[in-house]
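Enquirer: kindly return the folded structure for what I paste below:
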Amino acid sequence: MGQTLSEPVVEKTSSEGEDECCVYGVSAMQGWRISMEDAHAAVLDLYAKYTTPKDTPSEPDKRLAFFGVYDGHGGDKVALFAGENLHKIVAKQDSFAKGDIEQALKDGFLATDRAILEDPKYEEEVSGCTAASEELNTNWTAVSPCLTGYKANAGDSRSVLGVKGRAKPLSFDHKPQNEGEKARISAAGGFVDFGRVNGNLALSRAIGDFEFKKSPELSPEQQIVTAYPDVTVHELSDDDEFLVIACDGIWDCQTSQAVVEFVRRGIAAKQDLYRICENMMDNCLASNSETGGVGCDNMTMTIIGLLNGRTKEEWYNQIAERVANGDGPSEFRGPGIRNQFEENPDDYEVDNDRARGFSVRSGRIILLGDGTELIPEQNDEELFDQTEEDRDLPRQAQHESPDSARKEREGTPGPQSRADAPKSDEASASISETPSTAAKSASGGSSESTEQSTTS
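Expert: Next up, the predicted model:
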């Protein structure tokens, strides 16, 4: 657990945007930590933003939205670099120009890692960050759009898909104790002690953390800690309602299913997506800094609504109707549920002092996204038992085996090989903006999109 403040910083940086493909809201909060080390990015039209002149909107069949959450550790520099540059570097890959988004994400993650290493400004940098990104590609048929989601992940920031009220993980957390990760760490000359790489780092994949990437004879994905991401491809259907990307400041406090239900109830109550993110962070925030770290971390959360040919209003109404009809897990529909508000649920704001007093894991009351309180008859640890969920993540999230990944990149120099690393524009990318600029939410979109930033 990092150092904490005497009082949490609860001011939030939030933004939102939309186009005909999706609608999103994102919010970030420092919380109890002495500094903010998270970063995030949201770009509605990646092709238009970085591959066409004058931000010309891309054709509908080439529309690609990008969303990323980056959780820094040991400092904020690597996370800020990733938040400002990773999506730009992905867009510069040859594979991106060829339409191979999956390969572009893999190449882009590694190129971002190299870019940081080769930038003199980061020569002594010891920080690192997790990276969770989501790309939505629209392919139009004669009557409707077909959405494809590409999920890239390195670390323990997580992406979850809400499917008619049920949580479907699109990534699994890269922890050193996972068998596949542990095998790579050992093969590279490292070890796992107390669930940490070399007794130090609690993650097995990350951008930065170059002290664990010093074996010149190994390719990037074979290093003790690697930036090489798992990429999951998912064809989105009408049952797929929204995506949630968040750092472990959220997932350490809530299970994936609890987050999906919270978001769904907020949507049914017609709350703005960024406001639902803000409410969730207030709900997760610990009442004090003596909780062992749970609820004391930086928090960043992005919700992406999947319109699937509907307008924003139609999308809100459809989810509200599904919630009203009881479509979703049965444990959220029993007699133990009562509504906290008799009048307008849109006026719902989490009471910070009250919300800090409990969480999914520690209390008997579970606060949902519309102000509903769930009082489970059984122990809430049993209702939201994450053990089975975590065990199921690798099976549900399709990811490469270590052997196939190594074969694919056999002979590729490790990121520590400065002299031998491929020289390209993306490898030398650097932040031109000041850190204060980079710390703000990065949002972009075509001329058809609308965006709004708020601070609360």
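Enquirer: pLDDT weak spots in the stretch 151-300 of the chain?
Expert: 292 (pLDDT under 70).
Enquirer: the helices in it, which residues?
Expert: Secondary structure of the stretch 151-300 of the chain by DSSP state H, counting those that start in this stretch: the helices cover 179-187, 248-251, 256-268, 273-284.
Enquirer: tell me where the longest strand sits in the chain.
Expert: strand 4-18 (DSSP state E).
Enquirer: in its sheet, what does the very next helix or strand once past that strand sit against?
Expert: The C-terminal neighbour of strand 4-18 among helices and strands, as given by DSSP states H and E, is strand 22-33. Strand 22-33 has the following strand partners under DSSP bridges: strand 4-18 (antiparallel), strand 299-306 (antiparallel).
Enquirer: thinking again about what came up before, the longest strand of the chain vs helix 273-284, what angle?
Expert: Here the directions of strand 4-18 and helix 273-284 differ by 160 degrees (axes from the mean of the first three to the mean of the last three C-alpha atoms, to 10 degrees).
Enquirer: output strand 4-18 as CSV, restricted to C-alpha atoms.
Expert: Taking Å, rounded to 0.1, in the frame of the first residue of the first chain, the C-alpha atoms of strand 4-18 are listed here in CSV:
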residue,chain,number,x,y,z
THR,A,4,-1.8,8.2,2.2
LEU,A,5,-3.1,11.6,3.0
SER,A,6,-4.9,12.6,6.2
GLU,A,7,-8.0,13.4,4.2
PRO,A,8,-8.9,12.1,0.7
VAL,A,9,-8.9,14.3,-2.4
VAL,A,10,-12.4,13.7,-3.7
GLU,A,11,-12.4,16.3,-6.6
LYS,A,12,-13.0,14.4,-9.8
THR,A,13,-11.9,15.0,-13.4
SER,A,14,-14.7,13.8,-15.7
SER,A,15,-15.6,14.0,-19.4
GLU,A,16,-18.1,12.5,-21.8
GLY,A,17,-18.7,12.2,-25.6
GLU,A,18,-20.7,10.4,-28.2
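Enquirer: oh, and call the first residue 8 from now on, that's how I've got it
Expert: Noted, 8 is the first residue going forward, which turns the last one into strand 11-25.
Enquirer: mind listing what's buried along it?
Expert: Buried residues in strand 11-25, counted by 16 or more other C-beta atoms under 10 Å: 11, 15, 17, 19-25. No exception for glycine: its C-beta is placed from N, CA and C like everyone else's.
Enquirer: before we move on, back to that, what about the helices of the stretch 158-307 of the chain, which gets the closest to residue 42?
Expert: Residue 42 lies closest, by C-beta to C-beta, to one member of the helices of the stretch 158-307 of the chain: helix 255-258, at 13.5 Å.
Enquirer: hmm, who's touching that closest one?
Expert: Helix 255-258 is contacted from outside by 38, 45, 78, 137, 163-165, 180, 266, 287-288, 291, 304-308, using C-beta atoms under 8 Å, 6 or more residues apart in numbering.
Enquirer: what bridges to residue 72?
Expert: residue 143.
Enquirer: ditto for residue 168
Expert: residue 175, residue 250.
Enquirer: right, and it touches residue 239 too?
Expert: No. Counting by C-beta atoms under 8 Å, residue 168 does not reach residue 239; the two are 9.8 Å apart.
Enquirer: find residues that contact each of the two.
Expert: Contacts common to residue 168 and residue 239, judged by C-beta under 8 Å, 6+ apart, are 156, 177.
Enquirer: okay, the two: which has more neighbours?
Expert: Higher neighbour count among residue 168 and residue 239: residue 168, with 26 against 22, using other C-beta atoms under 10 Å.
Enquirer: buried sites along the lengthiest helix in the chain?
Expert: If you go by DSSP state H, the chain has its longest helix at helix 108-125. Residues 108, 110-125 are the ones in helix 108-125 that count as buried (16+ other C-beta under 10 Å).
Enquirer: just checking, what packs against it?
Expert: helix 84-98, helix 101-104, strand 138-147, strand 152-161, strand 214-215, strand 237-242 (3 or more C-beta pairs under 8 Å, 6 or more residues apart in numbering; DSSP states H and E).
Enquirer: in the stretch 308-457 of the chain, where is pLDDT below threshold?
Expert: 337-457.
Enquirer: swap in 80 and give it another go.
Expert: Residues of the stretch 308-457 of the chain meeting the criterion pLDDT under 80: 335-457.
Enquirer: I'd like the mean pLDDT over the longest strand of the chain, please.
Expert: For strand 11-25, the mean pLDDT works out to 96.
Enquirer: run a quick neighbour tally on residue 322.
Expert: Residue 322 has 20 neighbours, counted by other C-beta under 10 Å.
Enquirer: please apply the same query to the one 3 residues further on.
Expert: Residue 325 has 15 neighbours, counted by other C-beta under 10 Å.
Enquirer: ramachandran coordinates for the residue lying closest to it once chain neighbours are set aside?
Expert: In this structure, residue 325 finds its nearest non-sequential neighbour in residue 317, 6.8 Å apart by C-beta to C-beta, 6 or more residues apart in numbering. For residue 317, the backbone dihedrals (degrees, to the nearest 10) come out as phi -90, psi 160.
Enquirer: tell me which residues touch residue 71, please.
Expert: Counting by C-beta under 8 Å, 6+ apart, residue 71 touches 52-54, 65, 108, 142-145.
Enquirer: going by distance to residue 88, which of these wins?
Expert: Distances from residue 88 to these, taken by C-beta to C-beta, are shortest for residue 53, at 18.1 Å.
Enquirer: touching, that closest one and residue 94? I think so.
Expert: Yes. With contact defined as C-beta under 8 Å, residue 53 reaches residue 94; the gap is 6.3 Å.
Enquirer: what residues are shared contacts of these two?
Expert: residue 73.
Enquirer: rewinding a little: using JSON lines, lay out the helices and strands packed on helix 108-125 together with distance to residue 334.
Expert: Shown next, in JSON lines, are those (distance: least, C-beta to C-beta, whole Å):
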{"stretch": "helix 84-98", "distance to residue 334": "34"}
{"stretch": "helix 101-104", "distance to residue 334": "37"}
{"stretch": "strand 138-147", "distance to residue 334": "23"}
{"stretch": "strand 152-161", "distance to residue 334": "20"}
{"stretch": "strand 214-215", "distance to residue 334": "39"}
{"stretch": "strand 237-242", "distance to residue 334": "20"}
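Enquirer: out of the ones you listed, nearest to residue 29?
Expert: Nearest to residue 29 among those is strand 138-147; the distance by C-beta to C-beta comes to 5.9 Å.
Enquirer: what residues of the closest one count as buried?
Expert: Per 16+ other C-beta under 10 Å, strand 138-147 contains these buried residues: 138-145.
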